[in-house]
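> could you look at this predicted model? Sequence included:
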Protein chains: 2
Amino acid sequence: MAKLLLRGMVLPMSGAEDFYPQGEVAVDGDRIVSVGAKGSAPRGFEPDRLLDRSNDVIMPGLINTHTHAAMTLLRGYADDLPLMPWLEDKVWPFEAKLSDEDIYWGTMLALTEMIRSGTTTMSDMYASMDRVAEAVLSAGTRAALARGMIGSAANGLQALRENIELYRACHRAGEGRLRVMFGPHAPYTCPGDFLQRVKSEAESLGAGIHIHVAETEAEIETIRQEHGRTPVQWLNDLGLFDGPVLAAHCVHLTPADMEILAEKQVCVAHNPESNMKLNSGTAPVPELTRRGVVVSLGTDGASSNNNLDLFGEMRSAALQQKLRVDSSALPAYEVLEMATVKGARALGFEEVGMLAPGFKADLITVDFDQPHFYPRFSIPAHLVYAAHAGDVRDVMVNGRMIMEERRLLSLDEKKICAEAEKRAKGIARELL
Amino acid sequence: MAKLLLRGMVLPMSGAEDFYPQGEVAVDGDRIVSVGAKGSAPRGFEPDRLLDRSNDVIMPGLINTHTHAAMTLLRGYADDLPLMPWLEDKVWPFEAKLSDEDIYWGTMLALTEMIRSGTTTMSDMYASMDRVAEAVLSAGTRAALARGMIGSAANGLQALRENIELYRACHRAGEGRLRVMFGPHAPYTCPGDFLQRVKSEAESLGAGIHIHVAETEAEIETIRQEHGRTPVQWLNDLGLFDGPVLAAHCVHLTPADMEILAEKQVCVAHNPESNMKLNSGTAPVPELTRRGVVVSLGTDGASSNNNLDLFGEMRSAALQQKLRVDSSALPAYEVLEMATVKGARALGFEEVGMLAPGFKADLITVDFDQPHFYPRFSIPAHLVYAAHAGDVRDVMVNGRMIMEERRLLSLDEKKICAEAEKRAKGIARELL
């Protein structure tokens, strides 16, 4: 495989002090060889190609740790409604019509948008996950996939069998680009015995669990009535947290809940824009971080966001905490860590999220020669408070360029947009 | 002047039902001749040029009703600090070093960013406003300019004289692209007698007033201690609201305050991202709108935002209200009105903010042939929840194209970025 040398402003995300204004990253095949100042590549490293990006920031690809990718098909289908009519009259009837093929194209649309906005890894929870895996493999990105399971639904056990099958077929597939987790939807949609069954299947395979936890006040009240505990306490008492768990949302937590999450090393996927748009509330991110909980970032599905842009999500994460706590809460560099190194940890990808020798070459370049990035006082502040999706110039995953100079190399964008448009509008027409 | 016909998806912002999926806008010189479906241009209208933007949304240029443009020079200089150290140790010492020339180049940087993000009109409050006027005239945009005045400062009356001079020199200048307002900073920085003097000068010239009101809880407490009233009551009792007033922020209001604002037809410039970043709070936008108050949008200065992107600001406005109230609060079309028609009303520009026959041709095109705009279920929802600054393709002000295919035509972007970088870094070095 090819040797590549990238030159530019390098922000490796290996520590707040690490930054090379005139830096370089050497890549050999799928791995990073060296990261440092210009001239730091090892003696004898002879690149096949030199990519000069001196006005760009070179940084790790962003990691979206909670989404339902195929829900891009619902983007703009229903907004600005109260929660239950939105779900019952709009989202659920639409989702009930989705075929495997629809989910494939909706996921392709999501991946196209993600690559354009610098996201190299996603954590997806949905159905037809074999088709989602196929989409990710062809897009060239990285993903942690979980079959979403409603334990109380008629197809709950069938979904569990699909998740096991997905694990066997796809875990570590695509040169290690895929991981598979188990996706029990939430404590209020999965009975305790179902959750324990999921836990034991995941445990026997060594897989992690991805689950929605404590997203809304209504959920807290439901679990309190049913089990006399908080959702976190209930899941902990079921033993679910004895293995690796990624808990999405965690908006409504007691101090005791936070202690449990810390002790059990549960990772939290924070989704600030979805939490705002659906009036769920503001997750206690600094309180979790202070206790040592790994908090990463997610966009949630495009029906409650309505984009998959992690730059906007970083900004919203910071602003939401500043509004709730004070103007010094959640500083820029910490937000960047949530979207990179912590995202990798949350998903169990041990060799991405940071630019470091020996790590997989998942990186992006951000075009900083634009007016909204001047003056260049702080690269982290600019990335969090001023950048947007359109600023991403190049995207590399596993050493392969999948976007260069804003041109997608791995996907047929026009075809994907047209297919998604046709399929989504077709479903909407059926529901009229 | 030239006749131009633009074809595309036309969102004129003349009413929630008005949308032409295959529409056209005819422009003759500086004015709009017609707006409607393809083929609706008047018989005999023979365009010198046809601009085919069939995959773009054509809409009014965005209006930023509260900013301090030259503060782009402080972008990223100080973030994530508590309010008072941020102001006292960072912002104020930096601002004290700004020369007229610095302010000119900082404003040029702001205008470059604004044009790129689809903002055609800004309302600026700062110093050296003759140089700001010069910048706006050369950028080709539209602006309402106010000399910021600290009534309690030694130069308070000098600033007032400058504001009067600015009015005489610049009001209606640049083919009507400039308007001048009076800019007393805030009730806690301007004594009552100073505010009454400003009011009488503004009144005698027929000018409006632009002032910060009820931004923080500290301000509420200060005014209560000094005057035993709320800031809104105090300003009303001084007679300040008897003429046209644009009140920026209005975060902390009592129901009685809101009634006063409604009765006196005070317009409110809402700055959601600044209010979040500085922990000011969430303005009661739906409560104001319900009472008939015109609420427009602003970015505030780039040191508390840190961009001038009204697309991001629209999204934050909607999300912030949904978080505070419920998921149906502040729907997308209303947010678009805040950034267009209501912005024009707030600034006294009677012929912009909407695409309508006879109106001035201030318009933008937004590149909708991108994955984050599919499927095309709702143009307003996509503009508010999915769009970002980089999606703007063309910008026209007063019938003149100032950006086309993302190339700036009126400004030397490279030179402006370099000057801003050099000047801002120079000031920072002096302050080390």
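Nice, thanks for sending it over. Fair warning: this is a prediction, and the values are worked out from it, not measured in the lab. Numbers count the residues shown, from 1 in each chain, chains lettered A, B, ... in the order given.

> hey, let's count contacts and neighbours off CA atoms from now on
Will do.

> so A:His252 makes contact with A:Glu219?
No - under the criterion of CA atoms under 8 Å, A:His252 is not in contact with A:Glu219, lying 9.3 Å apart.

> measure stretch A:149-162 end to end?
Stretch A:149-162 stretches 10 Å from its first residue to its last (CA to CA, to the nearest Å).

> cool, and stretch A:281-292?
Counting by CA to CA, the length from the leading to the trailing residue of stretch A:281-292 is 22 Å.

> check stretch A:206-214 too.
The stretch stretch A:206-214 measures 25 Å between its terminal residues, going by CA to CA.

> is there proximity between the lowest-mean-pLDDT helix or strand in chain A and chain B?
The element with the least model confidence among the helices and strands of chain A, by mean pLDDT, DSSP states H and E, is helix A:83-85, at a mean of 89. Yes - contact between helix A:83-85 and chain B is present through A:Leu83 (criterion: CA under 8 Å from any CA of the partner chain).

> can you pull the buried residues of that helix?
For helix A:83-85, the buried set under the neighbour-count rule, 16 or more other CA atoms under 10 Å in any protein chain shown, comprises A:Leu83.

> residues in contact with the helix or strand that comes right after that helix?
As assigned by DSSP states H and E, the chain's next helix or strand after helix A:83-85 is helix A:92-96. Counting by CA atoms under 8 Å, 6 or more residues apart in numbering or on different chains, helix A:92-96 makes contact with A:Leu74, A:Ile427, A:Ala428, A:Leu431, all of which sit outside it.

> can you show me the helices along the stretch 1-150 of chain A?
Taking DSSP state H, counting those that start in this stretch, the helices of the stretch 1-150 of chain A run over residues A:83-85, A:92-96, A:100-116, A:129-139.

> A:Ser303: what's it in contact with?
Residues near A:Ser303 by CA under 8 Å, 6+ apart: A:Met71, A:Thr72, A:Leu74, A:Arg75, A:Gly76, A:Tyr77, A:Ala78, A:Asp79.

> tabulate those residues (JSON lines), appending distance to chain B.
Putting the contacts of A:Ser303 into JSON lines (distance: CA to the nearest CA, whole Å) gives the following:
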{"residue": "A:Met71", "distance to chain B": "11"}
{"residue": "A:Thr72", "distance to chain B": "8"}
{"residue": "A:Leu74", "distance to chain B": "8"}
{"residue": "A:Arg75", "distance to chain B": "6"}
{"residue": "A:Gly76", "distance to chain B": "5"}
{"residue": "A:Tyr77", "distance to chain B": "5"}
{"residue": "A:Ala78", "distance to chain B": "9"}
{"residue": "A:Asp79", "distance to chain B": "7"}
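
> tell me how chain A divides into domains.
Partitioning chain A according to automatic domain parsing yields domains covering residues A:3-61+A:356-408, A:74-347.

> ok, which of those domains comes nearest B:Met59?
With distances scored as CA to CA, the stretch of these nearest to B:Met59 is domain A:74-347 (18.4 Å).

> first vs last residue of that closest one, how far apart are they?
One end of domain A:74-347 sits 26 Å from the other (CA to CA).

> do the same with stretch A:248-259
17 Å.

> out of the helices of the stretch 1-150 of chain A, which one sits most buried?
Mean neighbour counts were compared across those using mean count of other CA atoms under 10 Å in any protein chain shown; the top stretch is helix A:100-116, at a mean of 26.

> now do it: everything it contacts.
A:69-73, A:120, A:127-128, A:131-132, A:134-136, A:139, A:308-309, A:389-390, A:392, A:395, A:402-403, A:406, A:408, A:411, A:413, A:416-417, A:419-420, A:423, B:371-372.

> 7 Å instead?
A:69-73, A:128, A:131-132, A:135, A:139, A:308-309, A:389, A:392, A:395, A:413, A:416-417, A:419-420, A:423, B:371-372 (CA atoms under 7 Å, 6 or more residues apart in numbering or on different chains).

> for the nearest residue to A:Val366 once chain neighbours are set aside, grab the count of nearby residues.
Spatial nearest neighbour of A:Val366, excluding adjacent residues (CA to CA, 6 or more residues apart in numbering or on different chains): A:Val392 at 4.5 Å. Neighbourhood size, A:Val392 [other CA atoms under 10 Å in any protein chain shown]: 26.

> in this structure A:Val392 contacts A:Asp367, no?
Yes - with contact defined as CA atoms under 7 Å, A:Val392 and A:Asp367 form a contacting pair (6.1 Å).

> where does pLDDT dip in chain A?
Counting by pLDDT under 70, the low-confidence segments of chain A come to A:1.

> how close does the residue sitting nearest the centre point of it sit to A:Leu145?
In chain A, the C-alpha closest to the average C-alpha coordinate belongs to A:Asn64, at a distance of 1.5 Å (CA atoms, centre = their mean). Counting by CA to CA, the gap from A:Asn64 to A:Leu145 is 12 Å.

> spit out the residues that contact the two alike.
Shared contacts of A:Asn64 and A:Leu145 (CA under 7 Å, 6+ apart): A:Ser123.

> what are the ranges of the strands in the stretch 151-300 of chain A?
In chain order, the stretch 151-300 of chain A shows strands spanning A:178-184, A:209-213, A:245-249, A:267-270, A:295-297, with DSSP state E, counting those that start in this stretch as the criterion.

> show me what from the stretch 101-250 of chain A comes close to chain B.
Of all the residues in the stretch 101-250 of chain A, those in contact range of chain B (CA under 7 Å from any CA of the partner chain) are A:Leu109, A:Thr112, A:Glu113.

> which one among the residues you listed gets closest to chain B?
Lowest distance from chain B to these (CA to the nearest CA) belongs to A:Glu113, with 5.5 Å.

> next one: the closest one from A:Val136, what distance?
Applying CA to CA, the value for A:Glu113 to A:Val136 is 13 Å.

> I'd assumed A:Val294 was in contact with A:Ala269.
No - using CA under 7 Å, A:Ala269 is not in contact with A:Val294, being 8.6 Å away.

> and those two? Which one has more around it.
When A:Ala269 and A:Val294 are compared for neighbours, A:Ala269 comes out ahead with 32 against 24, by other CA under 10 Å.

> who does the more buried one bridge with?
Beta-bridge partners of A:Ala269, counted by DSSP bridges, are A:Ala248, A:Ser296.

> any idea how far it lies from chain B?
Between A:Ala269 and chain B the distance is 19 Å, computed by CA to the nearest CA, to the nearest Å.

> which residues are in contact with that residue?
A:Thr65, A:His66, A:Leu246, A:Ala247, A:Ala248, A:His249, A:Val295, A:Ser296, A:Leu297, A:Gly298.

> same thing with A:Ala173?
Contacts for A:Ala173 (CA under 7 Å, 6+ apart) come out as none.

> likewise for A:Ala283?
By CA under 7 Å, 6+ apart, the contact set of A:Ala283 is A:Cys250, A:Val251, A:His252.

> any idea how far the residue nearest to A:Arg177 when sequence neighbours are not counted lies from A:Met396?
Nearest residue to A:Arg177 in three dimensions, chain neighbours excluded: A:Arg142, at 4.6 Å (CA to CA, 6+ apart). A:Arg142 sits 11 Å away from A:Met396 when distances are taken as CA to CA.

> the nearest residue to A:Asp30 once chain neighbours are set aside - how many residues pack around it?
With CA to CA, 6+ apart as the criterion, A:Asp30 has its nearest non-adjacent residue at 4.0 Å, and that residue is A:Gly399. Other residues within reach of A:Gly399, judged by other CA under 10 Å, total 21.

> list the contacts of the longest strand seen in chain A.
As assigned by DSSP state E, the longest strand anywhere in chain A is strand A:49-60. If you take CA under 7 Å, 6+ apart as the criterion, strand A:49-60 is touched by A:3-12, A:340, A:353-355, A:362-369.

> out of these, which are inside strands?
With DSSP E as the criterion, strands contain A:3-10, A:363-367 from among the contacts of strand A:49-60.

> and A:Leu74, what does it touch?
Listed by CA under 7 Å, 6+ apart, the contact partners of A:Leu74 are A:Ala302, A:Ser303.

> tell me what angle the helix or strand where A:Glu334 lies forms with strand A:49-60.
For A:Glu334, the host element (DSSP H and E) is helix A:332-339. Relative orientation of helix A:332-339 with respect to strand A:49-60: 100 degrees, computed using axes from the mean of the first three to the mean of the last three CA atoms, to 10 degrees.

> with that, I have no additional questions.
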